[in-house]
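Asks: coords please:
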Amino acid sequence: MLGGLVLVILLVAAAGAATLLSAPADHKNLPTDHDYVAFNGMPLPPFVPSAGPDASTGSFVSGCGLNMQGHQNADNVISSPRTPGAAHHAHEYVGNLSTDAFSTNGTLAAAGTTCSNGDLSVYYWPVLRVLPGQDGAAVTHQAGRDSEASDGNAGTRVPPTTVLVEFRGNPTRQVVAMPRFLRIVTGDAHAATAGAGALGRARWSCSGLHDRYTQLYPLCAQGQQVVRTFDYPSCWDGRRIDSDNHRRQVVFPAGNGRCPRNTVPVPQLRLRVAYTVPPGRSFAIDTFPDQRRSPTTDHADFINVMPDALMHRVVACVNGGRRC
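Replies: The predicted structure follows:
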């Protein structure tokens, strides 16, 4: 009888241990000290080509707010349509108010927007959070609002203090209009395991130092904000609004600014998002669980849903050398 009781206790203990081992270790999914860098004295970025005689030197800013509506989900309608939660990390949106996994061109065109000029486009990027213990934040967060707690992206969401949505020109040629519903992505959500390469065009900096960048989380001086800059590819193949890997239809120009053969320049989107965070190694973005909150995985996505008349205004401003 005693032997049977001991056996039951051992089995229960073993089952409990197995449960503990298999339970999601949300509190362990944190960046390392090597993911951060002191930002003082960072080197200047590589050579930036100067504008030639046929350059498009203007810019157009679309005022789309700060996501005061709290529009977030763990969907990615570009890479995983009709699959809720496929991103396994929360995205934050400005622009189109309806975007989720089930969005279609039709639903996006019929939706409202946070943009003041009627721009219905979709702009999104991973949520940034203050890490657990840095501000009294709980280890887990609201499932279904920020992202699933089991995905390990613990911490309290930090709302942006500024969001710049800007379209710019090309240093060698005039730009052409983007087709409506064109999809463009930048950065690599799998860079921590795949290795950062040509896809990694998301960069980090501190306010007041926008001419210097790092791919790591910047430790900014007191009073400065953390800034994320997303530069998107801008050489369109002239035919497709999407492709099998969501990247072949629009690629980056060469180092001299020229678009590859059989592509044409479209207005180049730059997103710049700033945050006020506690000092030190206190913050990180949401990532896929196996990417361990690495800053190198930062990325952003865009669907052009501008009415045609608004896109023509963008092109006219950029090609005309005006600031709009």
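Asks: stretch 79-95: which residues count as buried?
Replies: For stretch 79-95, burial by neighbour count (16 or more other Cβ atoms under 10 Å) applies to G85, A87, H88, H89, A90, H91, E92, Y93, V94, G95. C-beta: built from backbone N, CA, C; applies to glycine.
Asks: what's the first-to-last distance across that stretch?
Replies: Length of stretch 79-95, first residue to last, Cα to Cα, to the nearest Å: 19 Å.
Asks: quick one: that stretch to chain centroid distance?
Replies: The chain centroid and the centroid of stretch 79-95 are separated by 11 Å under Cα atoms, centre = their mean, to the nearest Å.
Asks: again, but for stretch 164-181
Replies: Taking Cα atoms, centre = their mean, one finds the center of stretch 164-181 at 19 Å from the center of the full chain.
Asks: quick one: end-to-end distance for it.
Replies: The distance separating the two terminal residues of stretch 164-181, taken as Cα to Cα, comes to 21 Å.
Asks: buried ones in that stretch, by neighbour count?
Replies: For stretch 164-181, burial by neighbour count (16+ other Cβ under 10 Å) applies to 164-165, 167-173, 175-181.
Asks: picking up where we left off before, just put the buried residues of stretch 79-95 in CSV and tack on pLDDT and distance to H34.
Replies: Conversion of those to CSV gives the following (pLDDT from 0 to 100; distance: Cβ to Cβ, whole Å):
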residue, pLDDT, distance to H34
G85, 95, 30
A87, 94, 25
H88, 94, 23
H89, 95, 21
A90, 96, 24
H91, 97, 26
E92, 97, 26
Y93, 98, 31
V94, 98, 31
G95, 98, 35
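Asks: mind checking the SS state of V314?
Replies: With DSSP: H, G, I helix; E, B strand; the rest coil as the basis, V314 sits in helix.
Asks: does it touch G58 like I think?
Replies: No: using Cβ atoms under 8 Å, V314 and G58 do not qualify as a contacting pair, with a distance of 9.2 Å.
Asks: any common contacting residues for these two?
Replies: Overlap of the contact sets of V314 and G58 (by Cβ atoms under 8 Å, 6 or more residues apart in numbering) consists of C324.
Asks: so for the two, which sits in the more crowded spot?
Replies: When neighbours are counted by other Cβ atoms under 10 Å, V314 and G58 differ, and V314 comes out ahead with 25 against 21.
Asks: the more buried one: what's it in contact with?
Replies: In this structure, V314 makes contact with F60, F167, A177, P267, M306, C324, judged by Cβ under 8 Å, 6+ apart.
Asks: so can I have CSV of those residues showing distance to H246?
Replies: Listed next are the contacts of V314 as CSV, based on distance: Cβ to Cβ, whole Å:
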residue, distance to H246
F60, 24
F167, 20
A177, 20
P267, 19
M306, 19
C324, 29
